[in-house]
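# The following comprises the amino acid sequence and a computationally predicted model.
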Amino acid sequence: MLFFINTCLGMFCFQMVSQAMNSTLRSDIILKLNKISFNMRKFYSAGLFLAIEQGWFEQPPQPDDHKLNS
């Protein structure tokens with residue numbers, strides 16, 4: 001469920017909110033959307049840090065340690 005929420009926030013919700021902010025001409029709506037975006041960022045980062053702490057977040061491939069034998 002955490003992966004689904006983070007994926008939803010990371011890909012779809014941020015894009016929809018930013019598109020709505022760019023297309024509206026009303027300043028009151030922009031302020032509300034900005035507040036929503038700020039709260040979404042806090043929630044997304046909390047979920048991301050939780051996944052990292054629990055070891056659920058995959059590490060990118062690390063380079064091998066190649067040492068020359070001389």
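Received the coordinates, thanks.

# Any chance you could list what contacts stretch 27-43?
The contact list for stretch 27-43 (C-beta atoms under 8 Å, 6 or more residues apart in numbering) reads 9, 13-14, 17-18, 20-21, 24. Backbone N, C-alpha and C define where each C-beta goes, glycine included.

# That stretch: which residues count as buried?
By neighbour count on 16 or more other C-beta atoms under 10 Å, the buried set for stretch 27-43 is Leu33.

# sorry, back to before: from the contacts of stretch 27-43, which is closest to Pro61?
For the contacts of stretch 27-43, the minimum distance to Pro61 (C-beta to C-beta) is 25.5 Å, reached by Leu9.

# Look up the pLDDT of the closest one for me, please.
Per-residue pLDDT puts Leu9 at 71.

# what residues are up against it?
Leu9 sits next to 40, 43-44, 47 when contact means C-beta under 8 Å, 6+ apart.

# Measure how far whichever helix in the chain runs longest is from the centre of its chain, please.
For the chain, the longest helix by residue count, based on DSSP state H, is helix 27-54. Using C-alpha atoms, centre = their mean, to the nearest Å, the distance from the centre of helix 27-54 to the centre of the chain it belongs to is 8 Å.

# Reformat the contacts of Leu9 as JSON lines; add distance to Phe57 and pLDDT.
As requested, the contacts of Leu9 are arranged in JSON lines below (distance: C-beta to C-beta, whole Å; pLDDT from 0 to 100):
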{"residue": "Met40", "distance to Phe57": "19", "pLDDT": "85"}
{"residue": "Phe43", "distance to Phe57": "16", "pLDDT": "84"}
{"residue": "Tyr44", "distance to Phe57": "13", "pLDDT": "84"}
{"residue": "Gly47", "distance to Phe57": "10", "pLDDT": "83"}
